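> Okay, sequence plus prediction incoming.
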Amino acid sequence: MELQLIATTAFGLEGVAARELSWLGVENARTENGRVRFTGGFNTVARANLWLRTADRVLISLAEGEVHTFEELFQLVRRIPWENFLPENACFPVTGKSVKSVLHSVPDCQAITKKAIVERLKQSYPVDWFPEDGPLFKIEVSILNDYAMITLDTSGAGLHKRGYRKDSIKAPIKETLAAGMLLISHWKKDRALLDPFCGSGTIPIEAAMIARNIAPGLQRTFLYETWPCVPKGTRETAQKEAESKIDYDITLRISASDIDYFAVKQAKENAQIAGVLDDITFQKLDFKATSSHYKYGSIVTNPPYGERLMEEKEAARLYKDMGAHFKHFDTWSVYLITSFEKFETCYGRKAHKKRKLYNGMLKCNLYQYFGPKPPRQPIASGIANEAEE
């Protein structure tokens, strides 16, 4: 079955998610605001849920079109071949949202959508009432500027829930955003990496998983796995493929530190659950005491913003101290995210590049400072290695 699929993302990560899909062999991905469209069968659904590091969910787009009346919405939904997806005992709650549209009542849109689904299913199942005590199918009707989209969620819990972060400190960064920062940085697994504000360890853990090619969804389940319409063994096949691609042989140079003892303790526990504890060196350390004997590397970090954890003056002082200390890493690249608008002034350097990203609902900038490229050593035995020390 060829499906119209959507990977939803935070604003700013659409291009990164599209690049991830290309790595999975998807050839027709195209980006829109907050999402990437692509096509494929349920095997693609399985692989996308397992592998996408920067997407929030994988949806099946079932119908789209302009709607100005409830009758138009009813007919749009009723034309969908629901019998191809939903069994007779399916549980199919409908959520909704409507922005700048004539059909502004979300409860009414949900009720009309539900009614249309029931009327369609009655054509295939000879019943007057559906018990809804079977597998869950989460349906959404979304209307923007009178244009409706009817989607089916294949993921269940958001894809940022990898399964390794059992507890979190205040103001954690989402796993999907952490992975996005790393993929934007083009950090290489043979290069040193430092996060001096590691908190619960999300950035270094995501880095280790990327470096070892560990699919982020290996430790969790997805909603589509309970659907009778999905061919048997779909998840198992994708799982075995993902497990076979894990790189167990590389040695990583990932360092993570935080001034908060309990944050570091929690980060270690999360790394243990993720299976990458041995790949990361954790320390309780003030960022001003951080150093490295590696000449080249990347600092990728999520420092306090001055929004929730600190006052603005404290944040300004912190960023000034960061700018002074990170001068010692003059051959390293630095990538840090913050919502603090005067960051560059406090830091003392204008970024080579800025990228607007969202940490939850908070608009931020990813400030990118590029270090020099490492010189290449003379070619020996047909292999050119980067000089690291």
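All right, it came through fine. Residues are numbered from 1 along each chain as shown.
> Can you list the residue ranges for strands in the protein?
3-9, 30-32, 35-40, 55-66, 94-99, 138-144, 147-153, 192-195, 254-258, 280-284, 297-301, 333-338, 353-359, 362-369 (DSSP state E).
> Kindly provide the whole-number mean pLDDT of the shortest one.
When you say that, I think you mean strand 30-32. Mean pLDDT, strand 30-32: 97.
> Give me the buried positions along it.
Using 16 or more other CB atoms under 10 Å as the test for burial, strand 30-32 gives T31. Any C-beta I mention is one placed from the backbone N, CA and C, and that applies to glycine too.
> Provide the strand pairings for it, with the direction of each partner.
As defined by DSSP bridges, the strand partners of strand 30-32 come to strand 35-40 (antiparallel).
> D128 is nearest to which of the strands of the chain?
The closest of the strands of the chain to D128 is strand 94-99. By CB to CB, the value is 19.5 Å.
> Tell me the helices and strands packed up against the closest one.
The elements that strand 94-99 packs onto, with contact taken as 3 or more CB pairs under 8 Å, 6 or more residues apart in numbering; DSSP states H and E, are helix 106-122, strand 138-144.
> Between helix 106-122 and the shortest one, find me the angle.
Going by axes from the mean of the first three to the mean of the last three CA atoms, to 10 degrees, strand 138-144 is angled at 130 degrees with respect to helix 106-122.
> what helices or strands is strand 138-144 leaning on?
Contact here means 3+ CB pairs under 8 Å, 6+ apart; on that basis strand 138-144 packs against helix 70-78, strand 94-99, helix 106-122, strand 147-153.
> ok, residues contacting the third one?
I take that to be helix 106-122. Contact with helix 106-122 is made by 70, 73-78, 80-83, 86, 88, 92, 94-98, 103, 128, 130, 139, 141, 143, 150, as judged by CB atoms under 8 Å, 6 or more residues apart in numbering.
> For stretch 328-337, list the C-alpha coordinates in PDB.
What follows is stretch 328-337 as a C-alpha-only set of coordinates in PDB (Å, rounded to 0.1, in the frame of the first residue of the first chain):
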ATOM      1  CA  HIS A 328      41.100  28.900  24.800                       C
ATOM      2  CA  PHE A 329      39.300  26.500  22.300                       C
ATOM      3  CA  ASP A 330      40.500  28.700  19.400                       C
ATOM      4  CA  THR A 331      40.800  25.700  17.000                       C
ATOM      5  CA  TRP A 332      37.400  24.300  17.900                       C
ATOM      6  CA  SER A 333      34.000  25.000  16.500                       C
ATOM      7  CA  VAL A 334      31.300  26.200  18.900                       C
ATOM      8  CA  TYR A 335      27.500  25.600  18.500                       C
ATOM      9  CA  LEU A 336      25.200  26.800  21.200                       C
ATOM     10  CA  ILE A 337      21.500  27.600  21.400                       C
END
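> how about it: buried residues?
329, 332-337.
> Mind checking which of the contacts of helix 106-122 are buried?
Judged by 16+ other CB under 10 Å, buried ones among these: 70, 73-74, 76-78, 80, 82, 86, 92, 94, 96, 98, 103, 130, 139, 141, 143, 150.
> for the stretch 151-300 of the chain, what spans make up the helices?
Secondary structure of the stretch 151-300 of the chain, counting by DSSP state H, counting those that start in this stretch: helices at 175-185, 202-211, 234-244, 261-274.
> Could you export the ones you listed to JSON lines, including columns for mean neighbour count?
Below are the helices of the stretch 151-300 of the chain laid out as JSON lines (neighbours: other CB atoms under 10 Å):
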{"stretch": "helix 175-185", "mean neighbour count": "24"}
{"stretch": "helix 202-211", "mean neighbour count": "26"}
{"stretch": "helix 234-244", "mean neighbour count": "15"}
{"stretch": "helix 261-274", "mean neighbour count": "19"}
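> out of those, nearest to Q123?
Closest to Q123 of these is helix 234-244 (CB to CB; 27.3 Å).
> what's the spacing between that closest one and its chain's center?
Averaged C-alpha coordinates place helix 234-244 at 20 Å from its chain's average position (CA atoms, centre = their mean, to the nearest Å).
> likewise stretch 127-142?
Between the mean C-alpha location of stretch 127-142 and the chain-wide mean there is a distance of 28 Å, by CA atoms, centre = their mean.
> Give me the buried stretch members for it, please.
Neighbour counts using 16+ other CB under 10 Å place 130, 134-135, 137-142 of stretch 127-142 among the buried residues.
> follow-up on the earlier one: quick one: closest of the strands of the chain to R235.
Evaluated with CB to CB, the strands of the chain place strand 55-66 nearest to R235, the distance being 13.1 Å.
> hang on, the earlier thing: please identify which two of the buried residues of stretch 127-142 are farthest apart in space.
Greatest spatial distance in the buried residues of stretch 127-142: G134 and S142, 24.8 Å, computed using CB to CB.
> F287 and E311, how far apart?
In this structure, F287 lies at 18 Å from E311, with CB to CB, to the nearest Å as the measure.
> who's more crowded, the two?
Between F287 and E311, counted using other CB atoms under 10 Å, F287 has the larger neighbour count: 21 against 10.
> The more buried one and A256 touch, don't they?
No. In terms of CB atoms under 8 Å, F287 does not count as a neighbour of A256; the distance is 11.2 Å.
> And P87, how close does it get to S124?
Remark: distance between P87 and S124 (CB to CB) = 10 Å.
> check contacts around A324.
The neighbourhood of A324, defined by CB under 8 Å, 6+ apart, consists of G348.
> returning to that earlier point: rebuild the helices and strands packed on strand 138-144 as CSV, extending it with mean pLDDT and distance to F343.
Rendered in CSV, the data for the helices and strands packed on strand 138-144 read as follows (pLDDT from 0 to 100; distance: least, CB to CB, whole Å):
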stretch, mean pLDDT, distance to F343
helix 70-78, 98, 45
strand 94-99, 97, 31
helix 106-122, 98, 38
strand 147-153, 98, 36
